[in-house]
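*Asks:* need coordinates for the below:
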Amino acid sequence: MSRARWIGTRWLGIGLAASVAVITVVLAVTGRIALYINPDGAWFAVGMAVLVLVGTVLSCLVPLGEEADHGHDHDHGDAGQDHADAARRPLSAGRIATAAGGVLASGIVVGMLVLPPASLSAELAASRDVGAPPLFTGSDTITLAASGDTAEFGVGDWASVFATATNPEAFDGSPVTLTGFVSKDADGAFDLSRLVITHCVIDAQPASITVTGDQTVPDAGQWVEVTGTVRSVGSGDLAIVASTVTPIAEPADPYEY
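*Replies:* Predicted coordinates for the structure are as follows:
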């Protein structure tokens, strides 16, 4: 195998793995790892990244091409002929697929290295919204809400309460201060939304609650801070009646967990 092919093989192996590990460590050091994974699990991701980097250093101590020598004796003359014959063979579907996969993987990793970290967009949140009740909270959220212990509640917590409460009147009058982005605005009301992450951005789910009031509705996608009161409206549904809706910049940590 030629030197170029050995270098390509190493890049597709330890090279890509080391690049992802470096990205993980840099994100952790700069405090941006929460854009991709739940901060509670960051220690595990960083630990694995450090192990990968240690393994990469050790792997580089092996001479290029040495990993193909499994300790067997070879007839070097026959081996040279075999390599020459292999080089003259037409490209197979497997080799083409391997090359295409390597180019794609390399492009993704290089893009991660070059492009700045970015949060998931409001448009993506809207595309993931299937109208089903949120799945990221349990009965303890309802219990806390019923006891009035809602000071730390976010959009995701209230979305769970709004979707599953069997006694909406129990929450009527609860004060709230919430941050999220505007979605589905219509007739003076809008949905306040936030993406909620369980483990990483792959499982991010949108949470939304209805906000009403006399305030001017900002454009869809605009981040806002809403202060107001939970009210039982319509046929027992819950909504936030806003006293203020203040446009703000996107928070440094745009997700809830």
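*Asks:* hey, let's count contacts and neighbours off CA atoms from now on
*Replies:* Will do.
*Asks:* so where's the protein shaky on pLDDT?
*Replies:* 1-12, 62-102, 105-106, 108-148, 185-186, 234 (pLDDT under 70).
*Asks:* so it: which segments form each domain?
*Replies:* Domains of the chain are assigned by automatic domain parsing as 3-114, 124-247.
*Asks:* which residues of the chain fall in helices?
*Replies:* Counting by DSSP state H, the chain has helices at residues 3-10, 16-29, 42-59, 76-88, 93-114, 122-128, 139-146, 155-164.
*Asks:* for Asp237, what are its contacts?
*Replies:* By C-alpha atoms under 8 Å, 6 or more residues apart in numbering, the contact list for Asp237 reads 162, 168.
*Asks:* I'd say Asp191 and Ile209 touch.
*Replies:* Yes - using C-alpha atoms under 8 Å, Asp191 is in contact with Ile209, at 5.3 Å.
*Asks:* could you report the neighbour count for Val226?
*Replies:* 21 (other C-alpha atoms under 10 Å).
*Asks:* that one pairs with what?
*Replies:* Leu178, Val245 (DSSP bridges).
*Asks:* and the spatially closest residue to Val46 that is not a sequence neighbour, what is it in contact with?
*Replies:* Once flanking residues are discounted, Val46 sits nearest to Val25: 5.9 Å by C-alpha to C-alpha, 6 or more residues apart in numbering. Going by C-alpha under 8 Å, 6+ apart, Val25 touches 46, 49-50.
*Asks:* can you pull out the strands in the stretch 151-257 of the chain?
*Replies:* 175-186, 189-196, 205-212, 223-233, 237-247 (DSSP state E, counting those that start in this stretch).
*Asks:* could I get those as TSV with distance to Gly41?
*Replies:* Shown next, in TSV, are the strands of the stretch 151-257 of the chain (distance: least, C-alpha to C-alpha, whole Å):
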stretch	distance to Gly41
strand 175-186	23
strand 189-196	15
strand 205-212	18
strand 223-233	27
strand 237-247	31
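*Asks:* indicate which one of those is closest to Asn38.
*Replies:* strand 189-196 (9.6 Å; C-alpha to C-alpha).
*Asks:* got the CA positions of that closest one in PDB?
*Replies:* Output in PDB follows, covering the C-alpha atoms of strand 189-196 (Å, rounded to 0.1, in the frame of the first residue of the first chain):
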ATOM      1  CA  ALA A 189     -51.500  35.700  21.000                       C
ATOM      2  CA  PHE A 190     -48.400  33.700  20.400                       C
ATOM      3  CA  ASP A 191     -46.600  30.600  21.500                       C
ATOM      4  CA  LEU A 192     -43.500  31.000  23.600                       C
ATOM      5  CA  SER A 193     -41.200  28.200  22.700                       C
ATOM      6  CA  ARG A 194     -38.000  26.600  23.900                       C
ATOM      7  CA  LEU A 195     -36.000  23.600  22.900                       C
ATOM      8  CA  VAL A 196     -35.500  21.100  25.700                       C
END
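*Asks:* what angle sits between it and strand 237-247?
*Replies:* Put simply, strand 189-196 runs at 80 degrees to strand 237-247, going by axes from the mean of the first three to the mean of the last three C-alpha atoms, to 10 degrees.
*Asks:* buried set for strand 189-196?
*Replies:* With burial defined by 16 or more other C-alpha atoms under 10 Å, the residues of strand 189-196 counted as buried are 189-196.
*Asks:* equivalent analysis for stretch 248-257, please.
*Replies:* 254-257.
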